[in-house]
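# any chance you could fold what I've pasted below:
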Amino acid sequence: MRVYNFSAGPSMMPEEVLAEAREELLDWQGSGMSVMEVSHRGKPFVACAAEAEDRLRRLMGVPAGYRVIFVQGGAFGQFGAVPLNLTQPGDTVDIVVTGQWSAKARAEAERAGVRVDVVADQSASGYTTVPEPGDVSPTPGARYLHYTPNETIGGVEFGYVPDAGDVPVVADASSTVLSRPIDVSRFGLIYAGTQKNLGPSGMAVVIVRDDLLGRARPGCPAILDYARMAQADSMLNTPNTWAIYLLGKVLGWIERQGGAEGMAERNRQKAEALYGFIDGSGFYRNPVAANARSWMNVPFLLADPTLDARFVAEAAQAGLTNLAGHRSVGGMRASLYNAMPIEGVRALIDFMTEFERING
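Below you'll find the model as predicted:
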C-alpha cells in the first residue's frame, strides 16, 4: 500500500513518475538495459541530461548568462564548494543564520579559511523567526551573501530575497526549489539537493551566473570546480545517471501540473489547510512566527508531549509516515513538498482530529 510520506527528505515522489520508471527499469529506450547501465557519454543519455537541463531552465525561467550543473554530494557538498569557488583564503563572506542548515554552511565556510560575518542570527528566537528585510545588510567587499530560504528543521521560511546590492546572493534552495516561481536573476548562485522537490537523493543542481565562474582556488578539487563542470556539461566524471533521469521525469510532471505557478497554488492550499487546522486547535501548536511559516515543513507540538510516540505510531498505522520531528527539536513535522497531494494533508488533518478527540 502506498502511504503518505511526510519525510523531510528523501521525500515523497510523484506516483506516476515512479510508475514510468518501473516500466522502463529493465529496458530504457529499447536498449535492453536500464538507464543505470547505459554509457553516460552515449548519445541517448547525453540527450536525456540535456532535456532535463532544458526543462529546469524553462520551469525556473533561468535567464541567459547562467550555467546549470548537476553535481554529486547533495547540498552539503555545496557548503564547501561555494567558498572554494568564490573566495580566496582570508576573504570575507556574509551568512544569514536562521537554523541548523545555514549554521552548517557557516561552519564549512570557516573551514575553507574565510572570514564569516553573520549579518543576521535568529538563534535568540530558537530559530522560529527570520530577520526583517532591513536587518540584512551586506559587509562592504564581501564575496557573497549566503542564506537558506527555507530551514527544514525549524520550519521557517523567508518571504523575500535579501537585497545585497552588488554582493552576489547565494541561496541553498534545497527545500523550496520549484515550489513556486522565483526571479533567478536576483541570485549569483542557487544550489539545491534533489531529494525534496526534484527527485531522489545523491545529487544537487547548481545554477551559477557566468561571471562567477573561473574563480576557483588553485587547490579546488576538479570535481568541485564549477567552471570545469560547466565546460564538461556536468560530465567531468561519471554522473549520477539515475538521479538525472528521474530529475527529468519529475520536471516533466511539474510541467504537467502547471509549472512553478501550478506548484505554488498547490503548495499554498496544502499549507493553509494544515496551519488553519493547527491554529484552530487547542491540542496542537505551531511554534514558528506567523510571518516566517514554511510552506514546505510544518512543525507542530502536542499539548501533552508524552503522547508523541503514540501519535507517530498510530499515524504510521494509518498510512501517514515520517511525522516525528527532527531529533534536535522533537515534536512533529509534516513536510509538504511538491509531490504531496492535498489528499494527504486532508488525511493527516482527519487523523489529527480523531487523535485529539480520543486523547484531548
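# buried ones in stretch 219-235?
Judged by neighbour count (16 or more other Cβ atoms under 10 Å), stretch 219-235 contains these buried residues: 220, 224-230, 233-234. Where C-beta positions appear, they are placed from N, C-alpha and C, glycine not excepted.
# what does it rub up against?
40-41, 46, 49-50, 67, 69-72, 77, 80-81, 84-85, 206, 208, 212-216, 236-237 (Cβ atoms under 8 Å, 6 or more residues apart in numbering).
# if we use 6 Å, what do you get?
67, 69-70, 81, 84-85, 208, 213-214, 216, 236-237 (Cβ atoms under 6 Å, 6 or more residues apart in numbering).
# average pLDDT across that stretch?
Stretch 219-235 comes out with an average pLDDT of 96.
# end-to-end on it?
Using Cα to Cα, to the nearest Å, one end of stretch 219-235 lies 20 Å from the other.
# domain assignment for the chain?
The record's domain parsing of the chain by automatic domain parsing lists 15-256, 257-359.
# so can I have JSON lines of the contacts of stretch 219-235 showing neighbour count?
Formatted as JSON lines, the contacts of stretch 219-235 follow (neighbours: other Cβ atoms under 10 Å):
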{"residue": "67", "neighbour count": "20"}
{"residue": "69", "neighbour count": "21"}
{"residue": "70", "neighbour count": "22"}
{"residue": "81", "neighbour count": "27"}
{"residue": "84", "neighbour count": "23"}
{"residue": "85", "neighbour count": "25"}
{"residue": "208", "neighbour count": "25"}
{"residue": "213", "neighbour count": "21"}
{"residue": "214", "neighbour count": "13"}
{"residue": "216", "neighbour count": "20"}
{"residue": "236", "neighbour count": "16"}
{"residue": "237", "neighbour count": "12"}
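# just name the closest of the buried residues of stretch 219-235 to residue 16, please.
Proximity of the buried residues of stretch 219-235 to residue 16 (Cβ to Cβ) peaks at residue 234, which lies at 26.1 Å.
# hmm, back to that, so for residue 5, which of the domains of the chain sits nearest?
Closest approach to residue 5 among the domains of the chain is made by domain 257-359 (5.3 Å; Cβ to Cβ).
# strands of the chain, residue ranges please.
Assigned by DSSP state E, the strands in the chain fall at 4-5, 66-72, 92-97, 115-121, 145-147, 150-151, 156-157, 169-172, 189-193, 203-209, 284-285, 297-302, 320-321, 332-335.
# could you measure from the residue nearest to residue 60 when sequence neighbours are not counted over to residue 306?
Residue nearest to residue 60 in three dimensions, not counting chain neighbours: residue 184, with 5.8 Å by Cβ to Cβ, 6 or more residues apart in numbering. Between residue 184 and residue 306 the distance is 47 Å, computed by Cβ to Cβ, to the nearest Å.
# for the contacts of stretch 219-235, give me TSV that also has distance to residue 248.
As requested, those are arranged in TSV below (distance: Cβ to Cβ, whole Å):
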residue	distance to residue 248
67	18
69	15
70	11
81	23
84	28
85	26
208	20
213	24
214	28
216	28
236	20
237	20
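# please identify which of the residues you listed is nearest to residue 266.
residue 70 (25.4 Å).
# identify the single longest helix in the protein, thanks.
Longest helix of the chain, by residue count under DSSP state H: helix 259-279.
# got the contact list for residue 1?
Contacts of residue 1 (Cβ under 6 Å, 6+ apart): none.
# what's the longest helix of the chain in contact with?
59, 178-181, 284, 286, 295, 298, 300, 336, 338, 342, 345, 349.
# now for those residues: which two are most distant?
59 and 284 (34.4 Å).
# thinking again about what came up before, of the domains of the chain, which is nearest residue 4?
Closest to residue 4 of those is domain 257-359 (Cβ to Cβ; 3.7 Å).
# which ones are touching residue 280?
Counted by Cβ under 6 Å, 6+ apart, residue 280 has zero contacts.
# mind putting the strands of the chain in a markdown table, mean pLDDT and distance to residue 253 included?
Formatted as a markdown table, the strands of the chain follow (pLDDT from 0 to 100; distance: least, Cβ to Cβ, whole Å):
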| stretch | mean pLDDT | distance to residue 253 |
| --- | --- | --- |
| strand 4-5 | 98 | 16 |
| strand 66-72 | 97 | 18 |
| strand 92-97 | 97 | 32 |
| strand 115-121 | 96 | 36 |
| strand 145-147 | 98 | 28 |
| strand 150-151 | 98 | 21 |
| strand 156-157 | 98 | 23 |
| strand 169-172 | 98 | 24 |
| strand 189-193 | 98 | 17 |
| strand 203-209 | 98 | 16 |
| strand 284-285 | 98 | 31 |
| strand 297-302 | 98 | 21 |
| strand 320-321 | 98 | 21 |
| strand 332-335 | 98 | 18 |
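# any chance of the ones you listed in TSV, with distance to residue 251 too?
Formatted as TSV, the strands of the chain follow (distance: least, Cβ to Cβ, whole Å):
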stretch	distance to residue 251
strand 4-5	20
strand 66-72	12
strand 92-97	29
strand 115-121	33
strand 145-147	25
strand 150-151	20
strand 156-157	23
strand 169-172	19
strand 189-193	13
strand 203-209	10
strand 284-285	35
strand 297-302	22
strand 320-321	25
strand 332-335	20
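# of all these, which one is nearest residue 256?
That would be strand 203-209 among the strands of the chain, by Cβ to Cβ, at 19.9 Å.
# what helices and strands are in contact with that closest one?
Applying 3 or more Cβ pairs under 6 Å, 6 or more residues apart in numbering; DSSP states H and E, one finds that strand 203-209 contacts strand 66-72, helix 74-86, strand 189-193.
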